[in-house]
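K.L.:
what follows is a predicted protein model with its sequence.
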Number of protein chains: 2
Amino acid sequence: MLDHTQRGQVEVVLVRPRNPLNIGAAARAMANFGFTRLTVVAPYAPHWREARSAVGAPDLLRNAPEAATLAEAVSGCSFVAGTATLARRQPDQAAVQIQQLAPLLAGKLGNGARAALVFGSEKHGLTRDDLSYCHVLVEIPTQPSQPSMNLGQAVAVCLYELSRGSGALNRQAAPQEPSTGSAGSNAPPAPSGSLDLLARVIEETMGASGHSPEAMRAANQLDLRLLLRRLAFTETDARRALRLFRRILWRLRGSQSRRGP
Amino acid sequence: MLDHTQRGQVEVVLVRPRNPLNIGAAARAMANFGFTRLTVVAPYAPHWREARSAVGAPDLLRNAPEAATLAEAVSGCSFVAGTATLARRQPDQAAVQIQQLAPLLAGKLGNGARAALVFGSEKHGLTRDDLSYCHVLVEIPTQPSQPSMNLGQAVAVCLYELSRGSGALNRQAAPQEPSTGSAGSNAPPAPSGSLDLLARVIEETMGASGHSPEAMRAANQLDLRLLLRRLAFTETDARRALRLFRRILWRLRGSQSRRGP
């Protein structure tokens, strides 16, 4: 994965994009995954800088340089990767899968060097001429039946992959206490004794409600113990279940006793 | 990663999507990464099936069922994962990073079981009520400064991640979840609809036994849904619990009616 500094050295380059919504979507994905440098080459629509799809990234879009050619856009980059879906032709340069790109890029970004990740137009992708500026061709593994991705989605997937597993984004799984009274996954598990107490009250409820005949008692006890352990009750869960079953039992017995002899 | 068959068992569910272009973009990403089942819950725009953004996936979009509620959409799924960007609130259930989802799902998809990956609306994401139908909350690691992703891009990133590394490794056996050390680990998990039925009967029992006042009803419903999912009931467990609570309910009501006016 690329760290924060490395991501700042990677230029995202869109070549001849037609739909400003896709340019904005690319900018939004850049903001989502911590990339800051966007260059747009020969865009089709003049007012692309105002694309409303650049949610959270209007400045990034406003400040993006516009270049006339790909050659100009990547002139300051010492390593250029061009994206493609499944290559139908024989590529002129090495092709790698997107998963392999982060370590490859990381090795090229020493001493403040800059690199570019280039995306072609919605309709035709990168031409052979475009690709001639690229050191490597990067493939996103898609289904052979439908290889062509939407531009904004392709940018999102690539930038996600480049930042995947990075320290900055990968929040440590801090123990999280749930907001409700309900116990979450990190709450302490119920000790065996609590489960046994619960099991006893459930058994009594089964008996009092006529659910299980006396002959089944031993088998039910075993099943219930296994079940309660498999369900991984927390201490809080066990207490709540216990309250409910005690209440039920009290009502069942209360109403029986009221029935009288 | 999920293999071809496993991807066919995963339902992509969009809850209250506003923009048909995003629904189409989700369908396109599904076709790119080999997913085939889409359900749309309470969409805002009536003509969403005609979204032109569903490049390469018009049939997938045309045949996608529309559900009135999330409960209905996932009723046949035994494992439900809800997506969120950086959680601003404390989640009620376990949260995992998207990278951890594929092995988790693979362990749940044995014996033809179905799972769902749920996305919320563009504006608000999934509500707390939506999330109460989820066994786990999935986070896409994004920048804290701009956590919110475009819906179509979020779907693309998640489906890319779930199919990441498939292909060469496709033929490997699906990783099994570590057994929780007991009999039930191979038994099929209860589908969402069975849990909803059980929750209703438990609620009625709570009411009939005087355990919970009317005012607490909504909060209890939410808690109960979360609890039943966290406990990982198998289908057999759910049926057994249902039988017990129905019996209790019958006795509680029977004894009440016998008390007479």
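P.N.:
Yep, it's here. Residues are numbered from 1 along each chain as shown, chains lettered A, B, ... in the order given.
K.L.:
can you give me the strands in the stretch 1-150 of chain A?
P.N.:
A:10-15, A:37-41, A:66-67, A:79-84, A:95-97, A:115-119, A:136-139 (DSSP state E, counting those that start in this stretch).
K.L.:
nearest to chain B, out of those?
P.N.:
Counting by CB to the nearest CB, chain B lies closest to strand A:95-97 out of these; the figure is 9.1 Å. Any C-beta I mention is one placed from the backbone N, CA and C, and that applies to glycine too.
K.L.:
the closest one - contacts with which helices or strands?
P.N.:
Counting contacts by 3 or more CB pairs under 8 Å, 6 or more residues apart in numbering or on different chains; DSSP states H and E, strand A:95-97 is packed against strand A:136-139.
K.L.:
JSON lines please, covering the strands of the stretch 1-150 of chain A and showing mean neighbour count and mean pLDDT.
P.N.:
What follows is these, written out as JSON lines (neighbours: other CB atoms under 10 Å in any protein chain shown; pLDDT from 0 to 100):
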{"stretch": "strand A:10-15", "mean neighbour count": "24", "mean pLDDT": "97"}
{"stretch": "strand A:37-41", "mean neighbour count": "21", "mean pLDDT": "97"}
{"stretch": "strand A:66-67", "mean neighbour count": "16", "mean pLDDT": "96"}
{"stretch": "strand A:79-84", "mean neighbour count": "24", "mean pLDDT": "91"}
{"stretch": "strand A:95-97", "mean neighbour count": "15", "mean pLDDT": "90"}
{"stretch": "strand A:115-119", "mean neighbour count": "25", "mean pLDDT": "96"}
{"stretch": "strand A:136-139", "mean neighbour count": "20", "mean pLDDT": "91"}
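K.L.:
and these as a markdown table, adding distance to residue A:28?
P.N.:
Compiled in a markdown table, those are given as follows (distance: least, CB to CB, whole Å):
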| stretch | distance to residue A:28 |
| --- | --- |
| strand A:10-15 | 12 |
| strand A:37-41 | 11 |
| strand A:66-67 | 19 |
| strand A:79-84 | 18 |
| strand A:95-97 | 25 |
| strand A:115-119 | 14 |
| strand A:136-139 | 21 |
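K.L.:
which one of the ones you listed lies closest to residue B:225?
P.N.:
When the strands of the stretch 1-150 of chain A are compared by CB to CB, strand A:95-97 sits nearest residue B:225, at 40.7 Å.
K.L.:
quick check: closest non-adjacent residue to residue A:62.
P.N.:
residue A:49 (5.5 Å; CB to CB, 6 or more residues apart in numbering or on different chains).
K.L.:
just checking, the one you found touches residue A:65?
P.N.:
No. Between residue A:49 and residue A:65 there is no contact under CB atoms under 8 Å: 11.0 Å.
K.L.:
wait, what's in contact with the residue lying closest to residue A:66 once chain neighbours are set aside?
P.N.:
Closest residue in space to residue A:66, ignoring its immediate chain neighbours: residue A:40 at 5.2 Å, by CB to CB, 6+ apart. Residues near residue A:40 by CB atoms under 8 Å, 6 or more residues apart in numbering or on different chains: A:13-14, A:17, A:23, A:48, A:64-67.
K.L.:
and the pLDDT at residue A:184?
P.N.:
Looking at residue A:184, its pLDDT reads 44.
K.L.:
same question but for residue A:149, I mixed them up
P.N.:
95.
K.L.:
what of the one 4 residues further on?
P.N.:
What the model reports for residue A:153 is a pLDDT of 98.
K.L.:
how deep is residue A:60 tucked in, by neighbour count?
P.N.:
If you count neighbours by other CB atoms under 10 Å in any protein chain shown, residue A:60 ends up with 21.
K.L.:
how much space separates the nearest residue to residue A:233 once chain neighbours are set aside from residue A:242?
P.N.:
Residue nearest to residue A:233 in three dimensions, not counting chain neighbours: residue A:190, with 4.6 Å by CB to CB, 6+ apart. Separation of residue A:190 from residue A:242 (CB to CB, to the nearest Å): 10 Å.
K.L.:
so which bits of the helix or strand of chain A at the bottom of the mean pLDDT ranking are buried?
P.N.:
When the helices and strands of chain A are scored by mean pLDDT, DSSP states H and E, helix A:217-230 comes last with a mean of 75. Going by neighbour count (16 or more other CB atoms under 10 Å in any protein chain shown), the buried part of helix A:217-230 is A:220, A:224, A:227-230.
K.L.:
now, which of those residues lie close to chain B?
P.N.:
When contact is defined as CB under 8 Å from any CB of the partner chain, the buried residues of helix A:217-230 meet chain B at A:227, A:229-230.
K.L.:
could these go into CSV alongside distance to residue A:34?
P.N.:
As requested, these are exported to CSV (distance: CB to CB, whole Å):
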residue, distance to residue A:34
A:227, 46
A:229, 44
A:230, 42
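K.L.:
three-state assignment of the closest residue to residue A:157 other than its chain neighbours?
P.N.:
Among residues not flanking residue A:157 along the chain, residue B:160 sits closest, at 4.7 Å (CB to CB, 6+ apart). Residue B:160 carries the three-state label helix when classified by DSSP: H, G, I helix; E, B strand; the rest coil.
K.L.:
any idea how far residue B:160 lies from residue B:2?
P.N.:
Distance from residue B:160 to residue B:2, by CB to CB: 12 Å.
K.L.:
these two - which one has more neighbours?
P.N.:
For the pair residue B:160 and residue B:2, the greater number of neighbours falls to residue B:2 (28 against 25), based on other CB under 10 Å.
K.L.:
who are the contact partners of that one?
P.N.:
Here residue B:2 is in contact with B:10, B:102, B:105-106, B:109, B:162-163, B:166 (CB under 8 Å, 6+ apart).
K.L.:
so what's residue A:50 closest to, chain neighbours aside?
P.N.:
Using CB to CB, 6+ apart, the nearest residue to residue A:50 is residue A:20, at 7.5 Å.
K.L.:
my read: the one you found touches residue A:61, true?
P.N.:
No. Residue A:20 is beyond contact range of residue A:61, at 9.4 Å (criterion: CB under 8 Å).
K.L.:
shared neighbours, these two?
P.N.:
With CB under 8 Å, 6+ apart as the test, residue A:20 and residue A:61 both reach A:48, A:51.
K.L.:
ramachandran coordinates for residue A:252?
P.N.:
phi -60, psi -40 (degrees, to the nearest 10).
K.L.:
do residue A:192 as well
P.N.:
phi -50, psi -40.
K.L.:
quick check: it vs residue A:237, distance?
P.N.:
14 Å.
K.L.:
who's more crowded, the two?
P.N.:
Taking neighbours as other CB under 10 Å, residue A:192 and residue A:237 compare with residue A:237 leading, 22 against 11.
K.L.:
how big is the angle separating the helix or strand containing the more buried one from helix B:235-259?
P.N.:
Using DSSP states H and E, residue A:237 maps to helix A:235-259. Relative orientation of helix A:235-259 versus helix B:235-259 (axes from the mean of the first three to the mean of the last three CA atoms, to 10 degrees): 30 degrees.
K.L.:
surely residue A:60 meets residue A:32?
P.N.:
No. Applying CB under 8 Å as the test, residue A:60 and residue A:32 come out as separate, 11.2 Å apart.
K.L.:
sorry, back to before: between residue A:49 and residue A:65, tell me which one has more neighbours.
P.N.:
A direct count of neighbours by other CB under 10 Å for residue A:49 and residue A:65 places residue A:49 higher, at 19 against 13.
K.L.:
quick one: the helices in the stretch 1-150 of chain A?
P.N.:
Here the stretch 1-150 of chain A has its helices, by DSSP state H, counting those that start in this stretch, at A:4-7, A:20-33, A:58-62, A:70-73, A:101-106, A:128-131.
K.L.:
right, so these: which one is the most enclosed?
P.N.:
Burial of those is given as mean neighbour count (mean count of other CB atoms under 10 Å in any protein chain shown); helix A:20-33 ranks first at a mean of 27.
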